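Undergrad: When you get a sec, could you give me coordinates for this:
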Amino acid sequence: MEKEENLEERSLRQFDALVERGNLLWRTTTPQLIKAEPFNFQFRSATSLTVKPILSSTDPGRSKPTNAFSDTDPDFLLSHIGPSHTLILNKYCVVRPQFILHTNDFVPQSDHLTESDLDAAWTVLSSLTRRKYIVIYNCGFEGGSSIGHKHLQILPRPSEGDGFEFFPDLLGISLDTFTVPKIPFQHAVKKLPPSPSSTQLITIYQSLIDQARVNEAAGHNVLLTEGWILVIPRRKGRKGILSANAAAMAGMVWVTGEEEVRQWVEAGPMNLLCEFGVVDEAVTAV
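TA: Residues are numbered from 1 along each chain as shown. Predicted coordinates for the structure are as follows:
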């Protein structure tokens, strides 16, 4: 009997076939490590980002109830996740593979995550077992989202030996304050219990929303791994040609080329994160 493909095997097979046909925009890139304190940055240049559509903050597509994914090429489809979500491959990839988990019906990307969103995200995360992955959510234009239809992204975490780790793993999580020490911008993070239920996930997320004072901000980011969930309030998503999504706020920055890297380094990557996010005065005053 022929062995049934798992999600990762199927996604890589479809991914490579779509790349070969030119339907999925991706090429191998070498990450560039930029040293910083209290954590390093990893930059990846991707030509796919030069043609990726990014709606303005006032574009009707951010609020008009139309399904942005209704005409997706069926070869991008991977799985229907529960009754309300669908998993597809991301056409504008930076890493291999890169997934989009979108709501079947239009929901604004400016809405907070729901229990069904987190349940679907955890279902996908738990199905990817060959390597470690992370789920990111860019809530609203100021959170770095490109379109208005609610979706999360799932992508591989950095490889060991890259010299880069997401800061909750690198610096540890304070159980007293639910923050990571020395981070100069506001955030809230919490370790997850083994195999959390959807009820536990939404309860933790909502508590982090309150602790991070997200409702006082213009948008926010969410990062979810098998071990923790992180929430970061945002003031703005772009500055000139530079932009930051959830991954960038944790140090994994995606750019279109060397000019953007130069501007990030010239301004100071951590300074820019404080500008994109909300400065933690208690940390920066020390």
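
Undergrad: Can you give me the neighbour number for Glu165?
TA: Here the number of neighbours of Glu165 (other CB atoms under 10 Å) works out to 17. Bear in mind the C-beta positions are built from the backbone N, C-alpha and C, glycine included.

Undergrad: Show the pLDDT at the closest residue to Leu24 other than its chain neighbours.
TA: On the basis of CB to CB, 6 or more residues apart in numbering, the spatially nearest residue to Leu24 that is not a chain neighbour turns out to be Leu18, at 3.6 Å. Note on Leu18: pLDDT of 95.

Undergrad: There's contact between Leu18 and Asn90 in this structure, I believe.
TA: No. Leu18 sits out of contact with Asn90 when judged by CB atoms under 8 Å, with a separation of 10.5 Å.

Undergrad: Just want to know which of the two has more residues nearby.
TA: For Leu18 versus Asn90, neighbours defined as other CB under 10 Å are more numerous around Asn90 (22 against 19).

Undergrad: Could you tell me which residues make contact with the more buried one?
TA: 98-100, 153 (CB atoms under 8 Å, 6 or more residues apart in numbering).

Undergrad: Using the three-state scheme, assign Thr29.
TA: For Thr29, the reduced secondary structure class is coil; criterion used: DSSP: H, G, I helix; E, B strand; the rest coil.

Undergrad: Angles on the backbone of the residue nearest to Leu24, please.
TA: Dihedral pair for Leu18: phi -70, psi -40, per degrees, to the nearest 10.

Undergrad: Pretty sure His102 sits in a strand.
TA: Yes. According to three-state DSSP, the state of His102 is that of a strand.

Undergrad: Now Leu224. Nearest residue, chain neighbours left out?
TA: If the residues on either side of it in the chain are set aside, Leu224 comes closest to Val135, at 4.1 Å by CB to CB, 6+ apart.

Undergrad: show me what contacts the one you found?
TA: 101, 121, 124-125, 152-154, 222-225.

Undergrad: Closest one of those residues to Lys191?
TA: Nearest to Lys191 among these is Thr225, at 10.1 Å by CB to CB.

Undergrad: any idea how far Thr72 is from the closest residue to that closest one other than its chain neighbours?
TA: Sequence neighbours aside, Ile134 is the residue nearest to Thr225 in space, at 5.2 Å (criterion: CB to CB, 6+ apart). Look at Ile134 and Thr72: by CB to CB, to the nearest Å, they are 23 Å apart.

Undergrad: Correct me if wrong, but the residue nearest to Leu224 is in a helix.
TA: No. Going by three-state DSSP, the assignment for Val135 is strand, not a helix.

Undergrad: Which residue is the nearest non-sequential neighbour of Leu89?
TA: Nearest to Leu89 is Phe76, by CB to CB, 6+ apart, at 4.7 Å.

Undergrad: Any stretches of the stretch 151-286 of the chain with poor pLDDT?
TA: Where the stretch 151-286 of the chain drops to pLDDT under 70, the residues are 285-286.

Undergrad: Show me where it has its strands.
TA: Taking DSSP state E, counting those that start in this stretch to define them, one finds strands in the stretch 151-286 of the chain at 151-156, 188-191, 219-224, 228-234, 238-239, 242-243, 252-255.

Undergrad: so which of these gets nearest Asp59?
TA: Across those, Asp59 has its closest neighbour in strand 238-239 (13.9 Å, CB to CB).

Undergrad: how close does the residue nearest to Leu24 sit to Ile54?
TA: Distance from Leu18 to Ile54, counting by CB to CB: 22 Å.

Undergrad: mind listing the strands for the stretch 1-150 of the chain?
TA: 32-34, 41-45, 77-81, 85-89, 99-103, 133-139.

Undergrad: circling back: is the residue nearest to Thr225 in a bridge, and if so with what?
TA: Leu155 (DSSP bridges).

Undergrad: okay, now it: neighbour count?
TA: 21.

Undergrad: thinking it is in contact with Arg157, fair?
TA: Yes. Here Ile134 reaches Arg157: they are 5.1 Å apart, a contact under CB under 8 Å.

Undergrad: what sits in contact with each of the two?
TA: Contact criterion CB under 8 Å, 6+ apart; residues bridging Ile134 and Arg157 by contacting each: 166, 225.
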